[in-house]
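Q: test case, fold it:
(2 chains)
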Amino acid sequence: MEAAKPSSYLLYILPSAIGFVGIIIIPFILNIAASFTQWRGVGIPKFIGLANYARLLKDELVWEGFYHSLIFILSMAVIPTILGLILAALLFDYVAARFGKTTASFFRAGFYLPQILPLAVAGVLWGWIFSPIGVLNTTLKAWGLDFLARNWLGDPGTAMLCVMFVMVWLQLGYSLVIFMSGLARVDPALYEAAELDGATWFERFRYITVHMLKPELFVVGLTTTIAALNVFAPVFVLTKGGPNNATTVPSLLAYYHFFTTNRVGYGATITTMQTALTMLLAYVFVRLQSRDQ
Amino acid sequence: MASVSITSLRKFYGTHSVLHGVDVEIADGEFVILVGPSGCGKSTLLRMIAGLETISGGTLMIDDRIVNNVAAKERDIAMVFQTYALYPHMSVAENMGFSLKLAKCPKTEIDERVRQAADILALTALLERKPAQLSGGQRQRVAMGRAMVRNPKVFLFDEPLSNLDAKLRVQMRTEIKELHRRLGSTIVYVTHDQIEAMTMADRIVVMQGGYAQQIGRPLDIYDAPANTFVATFIGSPAMNLITGKIEYTDASGRLLCADGASISLDDPAIAAFAGETVTLGVRPEHLQLCAPGDLNAFTAEVTAVEPTGAETFVVMKHGGQEVTAVLRDRLAVEPGAHLELSIAKGKLHFFDAKTGLRLAP
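A: Coordinates of the predicted model:
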């Protein structure tokens, strides 16, 4: 049989290529182009060079947003990854071994539940819980802890902590499920060998689990960090960036400039900066992973 | 080093019993091999000794200490796994020294003990490599080295050669035996390969269906198998088993097979089984070509000829039952030919036709 010419294979990737160019590449280029203009969303954009970038560098609100992004990296990537890893190991080693795989699956599904809830529903749910007359304050008062009750999402001192807590709740299931599937492919003999070598549970976790789950750690670390840098919906639903910008993030600011002040060019500048940071981070992760391999 | 005493050891998974009460005494420094087909319970027994499986009943002692409820890491046992179970992210040296590191030994002591084990196993040049950069035989040696550096009371081997090719397996057999001689260690070794068991062990435990069928020195088991299972499992090709009724008159006898074929038998032992149905066992190498009418002789039809170079395996049918002979001569016969065979004097084995248990000699 005659082998097909390599060029004929291009035909097979054409549908995906058209979608990729139409949905990703062209809007991406247009967004970069818009960042060099002054444009209100209608009419002809006016080229203003790097003026939007100069403004961005001096915009304290944007830097505050990026600072909040770092906090979201903590609550969406670092904490869920560490907690997910420990919980996955506990479910796999302890719960599944002692109470059976069905019990472990029940907990896994429970932790994953927030991932399948629509964000709007989750936002409304937590909004109720944190409301001044919500479940949290009612419970605190019922226990005689009235002095702790407050307007959780309305107080700049606690709003970010509440949003962080919700983000951990939201993200934990994602990392947990990936780590548990990773643990399923690890040769059980490695754990048995470590046990015979005298390792405690924590030593097996430290020396075997963490190392064997490195591919999953890279994937979870990268995807959750990107998600943290681009976070929008949960913050929008819970606080809209308030109170007094205490929870604002670059995506919210871009949204604000795109659709409220109609400064489309400046909004595009913020998202371009976000994209650059995300790509830089992805590059660092991929380099770290390839060096590790 | 230590002795291991296994008394009425039982294992249940729920209500399903896989070990029904096994008794084995393993002396200090002895090399004992658990051998049997898949599912016979040999690996379960080994894992119970290691502490990787709970003990449902009976007693397990290492030296004079009952260890039924002692955690694996407290038993001072080292195990070489079928898959080697080397830590892929650690170098050979780190793999070998891991247990010492966990025991918080000084680094100089770890290095020294790893170096000593590496010298013995010819691994010195490979100490900085990762397991993925090693061949199967080298990984096998690293797994043994990891066990050696701990200087444990008992070494356990779980089918360690089954992932190696035939040539390397023979080489590693010799190396493990040499290692045992050098270290004088107590070894419990699991395999399904009866050749490994025969060539390496001080004593063999033949297992089937969760029972120890026979325990003894390799050649003792080969020469006097306790039942038809052991008779056919130990030895390759397997012992021939021919079932028939013993006819004994005027100091001579024969075995009458179901289809009327018979084998004349010149063995005083058969007098005791006159009129009974027995299973006659004959090792393939104890069959020889003979002239018609010789003692212990019978005729069989050739169904296959398998020359191995040094020997020729001739597979035949007699009385509707398959018989294999191992002949030193190179034989030019075709399937369908008839051969006259006799059984070497004093090489008959008699088993109960119903229970399979050895009757005589």
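Q: gap between residue A:27 and residue A:54?
A: Distance of residue A:27 to residue A:54, given as CB to CB, to the nearest Å: 24 Å. In short, each C-beta sits where N, CA and C put it, glycine included.
Q: same check, this time on residue A:222
A: For residue A:222, the distance to residue A:54 - CB to CB - is 31 Å.
Q: for residue A:200, same thing?
A: In this structure, residue A:200 and residue A:54 are 57 Å apart, going by CB to CB.
Q: in the chain, where is pLDDT below threshold?
A: Assuming you mean chain A. A:1-4, A:293 (pLDDT under 70).
Q: mind naming the longest helix for chain B?
A: The single longest helix within chain B, with elements called by DSSP state H, is helix B:166-183.
Q: can you tell me the SS state at residue 88?
A: By default, I'm working from chain A. Here residue A:88 is helix, with the state taken from DSSP: H, G, I helix; E, B strand; the rest coil.
Q: and the longest helix of chain B, how far out from the chain middle?
A: 15 Å (CA atoms, centre = their mean, to the nearest Å).
Q: and that helix, which residues are buried?
A: B:168, B:169, B:172, B:173, B:175, B:176, B:179, B:180 (16 or more other CB atoms under 10 Å in any protein chain shown).
Q: follow-up on the earlier one: settle it for me: which of residue A:222 and residue A:54 has more neighbours?
A: A direct count of neighbours by other CB atoms under 10 Å in any protein chain shown for residue A:222 and residue A:54 places residue A:222 higher, at 19 against 12.
Q: hang on, that one in a strand?
A: No - assignment of residue A:222 by three-state DSSP gives helix, placing it outside any strand.
Q: which residue is the nearest non-sequential neighbour of it?
A: Once flanking residues are discounted, residue A:222 sits nearest to residue A:285: 4.4 Å by CB to CB, 6 or more residues apart in numbering or on different chains.
Q: tell me the contacts of the one you found?
A: Contact partners of residue A:285, counting by CB atoms under 8 Å, 6 or more residues apart in numbering or on different chains, are A:218, A:221, A:222, A:225.
Q: and the first one, what element?
A: Right, residue A:218. helix A:214-229 (DSSP states H and E).
Q: mind giving me the packing neighbours of that helix?
A: In this structure, helix A:214-229 makes packing contacts with helix A:60-73, helix A:79-90, helix A:156-184, helix A:264-292, judged by 3 or more CB pairs under 8 Å, 6 or more residues apart in numbering or on different chains; DSSP states H and E.
Q: and chain A, which of the buried residues of helix B:166-183 reach it?
A: Checked against chain A using CB under 8 Å from any CB of the partner chain, those give no members in range.
Q: contact residues of the stretch 1-150 of chain B facing chain A?
A: B:50-52, B:72-73, B:77-79, B:81-83, B:85, B:87-89, B:98-99, B:102-103, B:146, B:150.
Q: end-to-end on stretch A:14-26?
A: Start-to-end span of stretch A:14-26 (CA to CA, to the nearest Å) is 16 Å.
Q: now stretch B:63-77
A: 12 Å.
Q: chain center to that stretch, what's the gap?
A: Centre-to-centre, stretch B:63-77 and its host chain are 26 Å apart (CA atoms, centre = their mean).
Q: buried ones in it?
A: Buried, per 16+ other CB under 10 Å, within stretch B:63-77: B:67, B:72, B:73, B:75, B:76, B:77.
Q: what is the burial count for residue A:236?
A: By the measure other CB under 10 Å, the count of residues near residue A:236 is 18.
Q: helices of the stretch 1-150 of chain B, residue ranges please.
A: Ranges of helices within the stretch 1-150 of chain B are B:42-50, B:92-102, B:107-120, B:136-148, based on DSSP state H, counting those that start in this stretch.
Q: now swap in the stretch 1-150 of chain A and tell me
A: Along the stretch 1-150 of chain A, the segments classed as helices by DSSP H, counting those that start in this stretch run A:6-20, A:26-34, A:51-58, A:60-73, A:79-90, A:96-99, A:101-116, A:119-130, A:135-142.
Q: which residues does the fourth one contact?
A: What that stands for is helix A:60-73. Contacts of helix A:60-73 (CB under 8 Å, 6+ apart): A:56, A:160, A:164, A:167, A:225, A:228-229, A:231, A:245, A:247-250, A:252-253, A:270, A:273, A:277.
Q: that older thread, could you identify the buried members of the residues of the stretch 1-150 of chain B next to chain A?
A: Buried subset of the residues of the stretch 1-150 of chain B next to chain A (neighbour count, 16+ other CB under 10 Å): B:50-52, B:72-73, B:77-79, B:81-83, B:85, B:87, B:89, B:98-99, B:102, B:146, B:150.
Q: which residue does the stretch 101-250 of chain B have closest to chain A?
A: Proximity to chain A, evaluated over the stretch 101-250 of chain B using CB to the nearest CB, is greatest for residue B:102 at 4.6 Å.
Q: show me the contacts for that residue.
A: Going by CB under 8 Å, 6+ apart, residue B:102 touches A:197, A:198, A:199, A:203.
Q: contacts with chain B among the residues you listed, please.
A: Contacts with chain B within the contacts of residue B:102, counted by CB under 8 Å from any CB: A:197, A:198, A:199, A:203.
Q: minimum distance to residue B:19: which of the helices of the stretch 1-150 of chain A has it?
A: Nearest to residue B:19, of all the helices of the stretch 1-150 of chain A, is helix A:96-99, at 20.8 Å by CB to CB.
Q: contacts for that closest one, please.
A: By CB under 8 Å, 6+ apart, helix A:96-99 touches A:103, A:104.
Q: C-alpha coordinates for that helix, PDB please?
A: Listed next in PDB are the C-alpha coordinates belonging to helix A:96-99 (Å, rounded to 0.1, in the frame of the first residue of the first chain):
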ATOM      1  CA  ALA A  96     -10.000   2.900  51.300                       C
ATOM      2  CA  ALA A  97      -7.900   0.300  53.200                       C
ATOM      3  CA  ARG A  98      -9.900   0.500  56.400                       C
ATOM      4  CA  PHE A  99     -13.400   1.300  55.300                       C
END
